[in-house]
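> quick one, structure for this:
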Amino acid sequence: MKRRLRGLREIVAAGGMLAVWACGGGEAGRSVEATARAEIEAVTRRWEASLLAGTPDMAVADVFTPDAVRLPSGEPAVQGHEAIVRALEGSAPLREARFTIDDLEVDGTLAFANGTYRVQGPDGVELSGKFLEVWKHTPAGWRIHRVMWD
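Below is the predicted model:
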């Protein structure tokens, strides 16, 4: 009986390890999250570079999903590449643009990020606040699918 019970414990323990792995936990889950974080951080750095260059409209396809929605504080929502490009056309180069992801959670093909931002316009006016992003994994990689900020 003890031998059989020991075998059952091993099966349950192995099943638990499999469940942890399948649900995104354990080493495999951390690896997936670390890979997603690295790619999301790289896309974020490209977005910052486009803001500093004054060309965010040129970076939309590289940063946002085709049906992305931007929800600027106090303004109407902007949906899709064309509308986002129109909203960003003529942007002046910023002196500073920094987006810091404080927390990132990956769940399948979606990732949820929140953090803080700080930008400084060409006139020296600084804005800072918080953001919440939903990222979507596409054939082109991770892209912002929804974003809102204060």
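
> elements contacting the longest helix anywhere in the chain?
For the chain, the longest helix by residue count, based on DSSP state H, is helix 26-53. Packing contacts for helix 26-53, counted by 3 or more Cβ pairs under 8 Å, 6 or more residues apart in numbering; DSSP states H and E, involve helix 2-22, helix 56-63, strand 96-107, strand 110-120, strand 126-138, strand 141-149. Glycine gets a C-beta too; all of them are placed from N, C-alpha and C.

> buried set for it?
Within helix 26-53, the residues scored as buried using 16 or more other Cβ atoms under 10 Å are 33, 36-37, 39-40, 43-44, 47-48, 50-52.

> do stretch 120-134 as well
131, 133-134.

> swap in stretch 137-150?
Buried residues in stretch 137-150, counted by 16+ other Cβ under 10 Å: 137, 142-147, 149.

> quick one: pLDDT of the spatially most central residue of the chain?
In the chain, the residue lying closest to the centroid (Cα atoms, centre = their mean) is Trp135, at 4.3 Å. In this model, Trp135 is scored at 98, pLDDT.

> also Val32?
Looking at Val32, its pLDDT stands at 88.

> next one: His145
pLDDT, His145: 98.

> thought it was touching Leu110?
Yes - the criterion here is Cβ atoms under 8 Å, and His145 meets it with Leu110 at 7.4 Å.

> name the residues contacting each of those two.
134-136 (Cβ atoms under 8 Å, 6 or more residues apart in numbering).

> contacts for stretch 137-149?
Residues contacting stretch 137-149 (Cβ under 8 Å, 6+ apart): 36, 39-40, 43, 63-65, 67-73, 109-111, 117, 129-136.
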